[in-house]
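Enquirer: Dropping the sequence and predicted coords here.
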Amino acid sequence: MTAGHGPPVLETIARARSIWDEHGGAIMSQPGIPEHVDELRAAIRSNRALMKRLQVVRCCSRCASEKPGGGCCGATIENWYDHYILVMNLMLGAEIPDERINEESCIFLGPTGCRLMARFHFCINYLCQDIKNSLSQRQLEELCASNGHEIYRGWLLENMLREYLASRANH
Ligand code: SF4
Ligand code: SF4
């Protein structure tokens with residue numbers, strides 16, 4: 001998951017869908033991939049549950065629905081997303097949104113927060129000062145460890161996906 005300014009996000013979404021249409025069945029039948037998808041799903045769910053328990057979800061949902069530009073989810077961030085992480089969303093059974101709810105916001109932002117399952121490490125790790133101020137040191141450390149685990153599981157799956165697609169070339 002490398003940051004950069006790639007093609008406009010709608011092109012990246014179309015590329016991910018086309019890869020999934022052509023290779024989705026084969027990708028999911030590679031040895032080890034379904035298990036890694038399950039591990040990533042479990043890491044995402046556990047991280048979201050922790051964020052909910054720590055009230056981070058409530059604060060971010062308020063931003064997503066009330067602040068112009070969706071708080072920290074501004075429109076430029078969508079262009080850091082590459083087709084690999086979007087294919088990973090399809091592997092997880094998530095839909096990729098392709099209509100933005102607000103001109104100034106990231107295309108993946110929904111009325112109550114991010115609509116992606118697999119996310120770029122910046123999006124997983126970012127906590128604004130208000131959120132940091134609302135958490136104790138122990139809670140912050142717990143959240144950082146949980147974020148790190150989600151990023152690690154995503155990195156493992158992304159490597160497997162990249163390896164498979166490289167073996168098929170032109171992706
Ligand atoms: S991290 Fe902070 S700025 Fe970003 S959506 Fe959450 S509350 Fe808003
Ligand atoms: S991908 Fe999700 S978390 Fe990241 S900026 Fe877009 S809406 Fe926000």
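Expert: On my side now, so go ahead. Ligands and ions are numbered 1, 2, ... in the order given.
Enquirer: Number of residues surrounding the nearest residue to Arg48 once chain neighbours are set aside?
Expert: Closest residue to Arg48 apart from its sequence neighbours, by C-beta to C-beta, 6 or more residues apart in numbering: Val57 at 7.1 Å. Bear in mind the C-beta positions are built from the backbone N, C-alpha and C, glycine included. Each residue near Val57 was counted by other C-beta atoms under 10 Å, and the total is 16.
Enquirer: For Asn47, see how far away Val57 is.
Expert: 11 Å (C-beta to C-beta, to the nearest Å).
Enquirer: OK, contacts around the residue nearest to Arg48?
Expert: Arg48, Met51, Gly113 (C-beta atoms under 8 Å, 6 or more residues apart in numbering).
Enquirer: In those residues, which residue is surrounded by the most others?
Expert: Gly113 (22 neighbours).
Enquirer: So which residues of the protein form strands?
Expert: Ranges of strands within the chain are 109-110, 113-114, based on DSSP state E.
Enquirer: now for these, which one comes closest to Arg100?
Expert: Proximity to Arg100 (C-beta to C-beta) singles out strand 109-110 among these, at 7.4 Å.
Enquirer: In its sheet, which strands sit next to the closest one, and in what direction?
Expert: Strand 109-110 has its sheet partners listed here by DSSP bridges as strand 113-114 (antiparallel).
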